[in-house]
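sharing a sequence plus its predicted fold:
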Amino acid sequence: MSRRERHDAKSKEITTLTIRLIAFAVTLIPLAALAIPWVTLDGAGDTYSGIAVIAVPASPMSAYLYEVSALQAVILMLGPVLIALLAIVTSYYYHRRKSIPWGPPVMLAITLVIAYGTTDLVSEIQGGLVVVLAVAALLTLHQAAIRILVVMRRKRKLPAVYRTLAIATGIGPYRWSET
């Protein structure tokens with residue numbers, strides 16, 4: 001192997017490692033986003049973080065929310081719990097270098113249901129929910145790119161494209177931990 005080929009291989013390894021680390025870090029963002037404001041509840045005027053929304057059943061506000069819409073109240077209070085669990089599972093899979101094609105789309109769906117399915121209870125969506133929405137969309141696209149790569153590799157179509165996509169998605173050549 002020439003010096004240029006060794007440099008290219010090392011460069012691909014470093015790029016793959018960097019993308020894997022960034023992807024793993026991105027999976028942890030929804031957990032941190034639980035601590036920043038998610039919604040402003042109608043009639044309350046206060047903003048609630050994801051953690052505060054989880055704690056709403058223990059407050060007097062829960063009776064009002066259930067009176068307005070029991071289904072929307074359940075969605076609003078269970079949504080952050082499900083998102084936290086999905087973020088933990090997704091980050092575990094990313095840590096183990098495994099694909100989780102169902103996790104990010106489910107997280108995206110739950111976030112959209114909270115944002116657009118609780119309009120009777122929520123007067124304004126705050127930054128925390130928007131951050132979770134953006135991360136879930138990004139991870140969904142990442143998982144879609146991995147699925148496309150797997151199909152292309154299996155069918156042996158466009159090898160130059162799937163090799164580049166393997167590096168760009170972080171599942172390409174990386175030998176440091178495998179030696």
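Perfect, thanks for sending it.

you'd agree residue 20 is up against residue 97?
Yes: between residue 20 and residue 97 there is a contact under Cβ atoms under 8 Å: 7.1 Å. Just so you know, the C-beta spots here come from the backbone N, C-alpha and C atoms, and that holds for glycine as well.

and these two? Which one has more around it.
residue 20 (19 against 14; other Cβ atoms under 10 Å).

which element is the more buried one on?
Residue 20 is part of helix 3-33 when elements are defined by DSSP states H and E.

what comes into contact with the following helix or strand past that helix?
Sequence-wise, the next helix or strand downstream of helix 3-33 (DSSP H and E) is strand 37-41. For strand 37-41, contacts defined as Cβ atoms under 8 Å, 6 or more residues apart in numbering pick out 46-50, 53, 61, 65, 76, 80, 114, 118, 121-129, 132.

picking up where we left off before, now do the buried residues in the helix holding residue 20.
Within helix 3-33, the residues scored as buried using 16 or more other Cβ atoms under 10 Å are 12-13, 15-16, 19-20, 23-24, 26-30, 33.

what does stretch 60-71 give?
Neighbour-count burial for stretch 60-71 flags 61, 64-66, 69 (criterion: 16+ other Cβ under 10 Å).

what's the answer for stretch 49-61, then?
Residues of stretch 49-61 classed as buried by neighbour count (16+ other Cβ under 10 Å): 49-50, 52-54, 56, 61.

tell me which two of those residues sit farthest apart.
The largest separation in the buried residues of stretch 49-61, counting by Cβ to Cβ, is between 50 and 61 at 15.5 Å.

give me the neighbour count for residue 169.
Using other Cβ under 10 Å, residue 169 has 23 neighbouring residues.

center of this structure, which residue is that?
Centroid-nearest residue in the chain: residue 136, 3.5 Å away (criterion: Cα atoms, centre = their mean).

tell me which of the buried residues of stretch 49-61 fall in strands.
Of these, the ones assigned to strands by DSSP state E are residue 49.

closest to residue 151 among the buried residues of stretch 49-61?
Nearest member of these to residue 151, counting by Cβ to Cβ, is residue 50, at 35.3 Å.
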